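K.L.:
the following block contains a protein sequence and its predicted model.
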Amino acid sequence: LKSIDRKHSPGKRDYAVTLLLATYGLGAAEVLALRLGDIDWKGSVIRTVRPKTKTAIELPLLPAVARALADYLRRERPPAKGIVQVFLRKRMPYAPLTSSAIRHRIRHWASIAGIESPVLGAHVFRHSHATRQVDAGANIKVVSDILGHRSVSSTSVYVRVALKRLREVALAVPR
């Protein structure tokens, strides 16, 4: 996030997209589907629908996310009448952003931050978010519900990498 240049376009957009991915563990499809009406500024809520399960979910509009979204919408979003998606291409013809564009931008900013990995994309933020939640002691069922998994077993992959918690419950090796 720190590597994203918010002074030049499309930095405000890229920052808001990345912050949504990292903060809520949203997938690229959820971010791309976000419409202007899905943001309830007065109620401090973001509404989205999980693509795989078609489950509606409400997330708290956290202050940092609200500031990033407002900054993008006020100062950088193109004046595209009739397009309700929040995130748009910066050049004409204005159209909703694509998943490949998100992947490209994530790789661009990761490169600037000196991060090199064979796997870089929106899903990395989702995985990282879930792992942090499990590491912090969140109930696996709650994490599963937030991620929109149909089954808790789908979330078990994040338990395996929650090293901090695993170390706390490890038994001593007998000599």
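P.N.:
In hand now; what should we look at?

K.L.:
contacts and neighbour counts: CA atoms only from here.
P.N.:
Will do.

K.L.:
so what's the nearest residue to P96 once chain neighbours are set aside scoring on pLDDT?
P.N.:
Closest residue to P96 apart from its sequence neighbours, by C-alpha to C-alpha, 6 or more residues apart in numbering: L88 at 4.3 Å. pLDDT recorded at L88 is 97.

K.L.:
would you confirm that L88 contacts A95?
P.N.:
Yes: counting by C-alpha atoms under 8 Å, L88 touches A95, with 5.4 Å between them.

K.L.:
who has more neighbours out of those two?
P.N.:
Neighbour count, other C-alpha atoms under 10 Å: between L88 and A95, L88 has more, with 23 against 16.

K.L.:
pull the contacting residues for the more buried one.
P.N.:
By C-alpha atoms under 8 Å, 6 or more residues apart in numbering, L88 lies in contact with 77-78, 94-97.

K.L.:
so which of these is the most crowded?
P.N.:
Top of these by neighbour count (other C-alpha under 10 Å): R77, with 21 neighbours.

K.L.:
helix, strand or coil for the most centrally placed residue in the chain?
P.N.:
The chain has L21 as the residue nearest its centroid, 0.9 Å off, counting by C-alpha atoms, centre = their mean. Secondary structure for L21, judged by DSSP: H, G, I helix; E, B strand; the rest coil, is helix.

K.L.:
ok, and the closest non-adjacent residue to it?
P.N.:
Nearest to L21 is F125, by C-alpha to C-alpha, 6+ apart, at 5.7 Å.

K.L.:
number of residues surrounding that neighbour?
P.N.:
By other C-alpha under 10 Å, 22 other residues sit near F125.

K.L.:
now the one 3 residues further on
P.N.:
Burial of S128 is recorded as 17 neighbouring residues (other C-alpha under 10 Å).

K.L.:
quick one: it from L147, how far?
P.N.:
Using C-alpha to C-alpha, to the nearest Å, S128 is found at 12 Å from L147.

K.L.:
common neighbours of these two, please.
P.N.:
By C-alpha under 8 Å, 6+ apart, the residues touching both S128 and L147 are G25.
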